[in-house]
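J.: Give me the fold of what follows.
(one chain, ligands or ions: 1)
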Amino acid sequence: MIDGGIPLGRLFGIPIRLHFSWFFIFILVTWLLAASYFPGTYQGWSTAASIIAAVITSLLFFSSVLAHELMHSVVARASGIPVKGITLFIFGGVSQITEEPRVPKVEFRVAIAGPATSLLLGLVFGAIFFAVPERFEAVRAVTFWLGSINMVLAVFNLLPGFPLDGGRVLRSILWWRTGNLRKATRWASTAGRVIGFLFIFAGIWLLLTGFWLNGLWLAFIGWFLSNAAAGSYRQLVIQQMLQGHDASEIMTQDCVMVAPDTTIEKLVNEYVLPSGNRCLTVGEAGHVQGLVTLKDIRSVPREKWSGVRVTEVMTPIDKLKWVPPDEDLAKVLGTLTQQDINQLPVVEGGRIVGMIARDNLLAFISMREKLGM
Ligand SMILES: [Zn+2]
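T.: Numbers count the residues shown, from 1 in each chain. The predicted structure is shown next:
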């Protein structure tokens with residue numbers, strides 16, 4: 001969902017990244033604090049004081065968001081679930097936890113860790129606010145805002161709509177009670193869509209009553225949430241559909257092998273056009289050297305096809321992403337998506353025995369959907 005960004009290093013061994021959209025929200029939060037909240041609440045403050053307090057508060061706020069995500073990730077990793085990293089982006093933070101928990105108990109622990117951290121931070125900032133004497137107004141101002149916002153974060157994330165943390169907590173409980181992950185996900189993500197729509201309506205209402213920035217923001221979050229809820233249910237259904245099936249079931253086996261000195265012209269006219277063949281390997285005497293895809297062919301201008309040999313455009317075998325015939329289809333889909341490729345050769349004992357195209361996988365999914373499997 002969120003790729004790229006600036007690497008910030010590691011915390012507890014977990015890579016942290018800043019997505020470019022984060023700078024927008026950082027500037028917005030800092031600006032709202034400096035130009036509106038602090039001057040409005042503390043009238044004696046100079047502009048400089050407001051700006052300094054705003055920058056410190058904003059940095060501590062995003063550190064709080066990071067702490068929330070970090071606890072999800074740390075608990076996930078401690079439970080044996082691999083974590084790719086944490087990215088801070090426009091809607092806060094996201095932990096890239098690559099696998100779904102296998103048991104309800106683990107999902108519950110991973111989900112609750114974030115809001116529990118926010119709650120704890122809220123209490124700590126609140127305690128500082130109450131402990132610090134009134135003459136340290138700036139410290140009190142900053143800790144009051146941070147205490148409140150962490151409480152808001154804890155409560156917001158505990159709303160019982162998947163994929164919010166509270167929705168995950170709900171799903172883990174339903175999963176534990178019913179023993180049915182799919183059903184639990186369907187209910188929890190339906191709740192997520194309902195909450196998303198409520199946010200959108202509330203946002204539009206705010207927008208119409210003059211609070212355009214808050215309204216727009218709320219509607220935007222609602223839209224993001226309802227999309228994520230629908231998407232995550234669909235993803236799970238597909239995962240479950242693919243489970244227990246392997247690459248050999250859907251691969252096409254009519255691979256052809258052409259000699260390394262074959263021109264693209266000859267390849268297209270003799271192999272691609274007559275049979276629509278898309279598994280085109282290059283090699284000699286049963287020994288595969290590489291693979292040519294339609295994309296490789298398209299990369300050469302038409303008028304040069306007769307002068308370019310397949311070895312010049314092929315992907316060499318040692319640079320190919322491939323899967324064994326018994327690879328789980330859910331993992332095949334993951335590889336196709338993560339690598340953003342359309343074709344994946346199936347290799348056994350150093351030989352290409354078949355090819356999986358994205359189309360094969362989509363056909364497999366849509367057939368099972370039509371049959372209600
Ligand atoms: Zn969370």
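J.: And for the residue in the chain positioned nearest to the ion, the neighbour number?
T.: Across the chain, the shortest distance to the ion (C-beta to the ion) belongs to Gly114, at 3.0 Å. C-beta coordinates here come from the backbone N, C-alpha and C atoms, glycine included. Neighbours of Gly114 under the rule other C-beta atoms under 10 Å: 27.
J.: State the helix or strand in which it lies.
T.: Per DSSP states H and E, Gly114 falls inside helix 104-131.
J.: Run through the neighbouring helices and strands of the very next helix or strand once past that helix.
T.: Going down the chain from helix 104-131, the next helix or strand is helix 137-157, by DSSP H and E. Packing partners of helix 137-157 (3 or more C-beta pairs under 8 Å, 6 or more residues apart in numbering; DSSP states H and E): helix 47-78, helix 104-131.
J.: Get me the contact residues on this protein for the ion.
T.: Gly114, Asn157, Asp165 (C-beta under 5 Å from the ion).
J.: dump the residue contacts of the last one.
T.: So the one you mean is Asp165. His72, Ala111, Ile112, Gly114, Pro115, Asn157, Leu158 (C-beta atoms under 8 Å, 6 or more residues apart in numbering).
J.: Could you count how many residues lie near the residue nearest to it when sequence neighbours are not counted?
T.: Nearest residue to Asp165, sequence neighbours excluded (C-beta to C-beta, 6 or more residues apart in numbering): Asn157, at 4.3 Å. As a burial measure, Asn157 scores 22 neighbours (other C-beta under 10 Å).
J.: and if you look at the one 3 residues further on?
T.: When neighbours are counted by other C-beta under 10 Å, Pro160 registers 19.
J.: Kindly report the same for Ile341.
T.: 16.
J.: what about the residue lying closest to it once chain neighbours are set aside, which SS state?
T.: Spatially, and ignoring its direct neighbours in sequence, Ile341 is nearest to Lys321 (6.6 Å; C-beta to C-beta, 6+ apart). Under DSSP: H, G, I helix; E, B strand; the rest coil, the three-state class of Lys321 is coil.
J.: For Leu170, give its distance to Val346.
T.: 40 Å (C-beta to C-beta, to the nearest Å).
J.: Gly290 sits in which helix or strand?
T.: strand 287-292.
J.: Check the offset of whatever helix or strand comes next after that strand from the chain's centre.
T.: Per DSSP H and E, the first helix or strand lying C-terminal to strand 287-292 is helix 294-298. Mean-position distance between helix 294-298 and its chain equals 29 Å (C-alpha atoms, centre = their mean, to the nearest Å).
J.: what's next to helix 294-298, contact-wise?
T.: Against helix 294-298 from outside (C-beta under 8 Å, 6+ apart): Ile264, Leu267, Val268, Val272, Arg278, Trp305, Val313, Met314, Thr315, Asn342.
J.: Likewise for stretch 307-316?
T.: Here stretch 307-316 makes contact (C-beta under 8 Å, 6+ apart) with 258, 260-264, 267, 280, 282, 289-293, 296-297, 299-300.
J.: again with stretch 229-247
T.: Counting by C-beta under 8 Å, 6+ apart, residues outside stretch 229-247 touching it are 100, 161-163, 167, 181-182, 185-186, 189-193, 196, 323-330, 332-333, 344, 346, 354, 356, 364-365, 368-369, 373.
J.: what comes up buried for stretch 347-364?
T.: Across stretch 347-364, burial judged by 16 or more other C-beta atoms under 10 Å covers Val347, Arg351, Ile352, Val353, Gly354, Met355, Ile356, Ala357, Asn360, Leu361, Phe364.
J.: my guess is the fourth one is in a strand, correct?
T.: Yes: according to three-state DSSP, Val353 belongs to a strand.
J.: From Leu11, how far off is it?
T.: From Val353 to Leu11 the distance is 44 Å (C-beta to C-beta).
J.: Same check on the fifth one?
T.: Between Gly354 and Leu11 the distance, using C-beta to C-beta, works out to 43 Å.
J.: likewise the last one?
T.: According to C-beta to C-beta, Phe364 and Leu11 sit 40 Å apart.
J.: where do the strands sit along the stretch 151-300 of the chain?
T.: Counting by DSSP state E, counting those that start in this stretch, the segments of the stretch 151-300 of the chain that form strands are 256-258, 280-284, 287-292.
J.: Point out the other helices and strands that the shortest one packs with.
T.: In terms of contacts (3+ C-beta pairs under 8 Å, 6+ apart), strand 256-258 is packed against strand 280-284.
J.: Which positions within the strand it packs on qualify as buried?
T.: Going by neighbour count (16+ other C-beta under 10 Å), the buried part of strand 280-284 is Leu280, Thr281, Val282, Gly283.
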